[in-house]
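**Q** Generate a structure from the sequence data that follows.
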Amino acid sequence: MLGCSYQTISNHLHDLGYRRVLARWVPHALSPYQMQARVTACQSLLLTPKRKEFLADLVTRVASWVLYNNDTHRAVWIPRGEEPLVQPKANLHEKKCLLSCFWDAKGMLYYELLQQGKTVNATTYSNQLASLALALREKLRCPPPP
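**A** Below you'll find the predicted structure:
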């Protein structure tokens, strides 16, 4: 359209202080109303009189894939001039499980290592939350609800 190459345009933009970057992916776009609602909610949480107690009561969850059988790569002694032995890399995809951990400001509350091949669905997550509730009751030594 301008009668010059892409590289020429790129060079001129670079000289003007521009740089080429990709847009950052976000899960979804928020409307201005949704953004304001989030800001308002956060501000109200920060202004609560017992803010420290509120933050201490938060429970966080993380789920991560972990290797539960990690084959070691061992060194061997060989004479000079000889080629080292060939060892195929282990298939790590068959040896990993999903670890779900729940904790608060004071430490770990509950963790679960899912059986191989099992994924987190609504039932699994509901069972984890029920187990977490039991762990919290025991931690707080509260009687179970009737």
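**Q** Now do the strand or helix carrying residue 123: which elements does it pack against?
**A** In the assignment (DSSP states H and E), residue 123 maps to helix 122-140. Secondary-structure packing of helix 122-140 (3 or more Cβ pairs under 8 Å, 6 or more residues apart in numbering; DSSP states H and E): strand 96-104, strand 107-113. All C-beta atoms are positioned from the backbone trio N, CA, C, and that covers glycine.
**Q** hmm, try it at 7 Å
**A** strand 107-113 (3 or more Cβ pairs under 7 Å, 6 or more residues apart in numbering; DSSP states H and E).
**Q** Assign the residue nearest to the spatial centre of the chain to helix, strand or coil.
**A** Most central in the chain under Cα atoms, centre = their mean is residue 62, positioned 6.1 Å from the mean C-alpha point. Following DSSP: H, G, I helix; E, B strand; the rest coil, residue 62 is assigned to strand.
**Q** That one contacts residue 101, doesn't it?
**A** Yes: counting by Cβ atoms under 7 Å, residue 101 is a contact partner of residue 62 at 5.5 Å.
**Q** quick revisit: look up how far residue 124 lies from the residue nearest to the centre of the chain.
**A** Residue 62 is 15 Å from residue 124, where distance means Cβ to Cβ, to the nearest Å.
**Q** Just give the number of residues close to residue 125.
**A** As a burial measure, residue 125 scores 13 neighbours (other Cβ atoms under 10 Å).
**Q** tilt between the helix holding residue 123 and strand 107-113?
**A** 150 degrees (axes from the mean of the first three to the mean of the last three Cα atoms, to 10 degrees).
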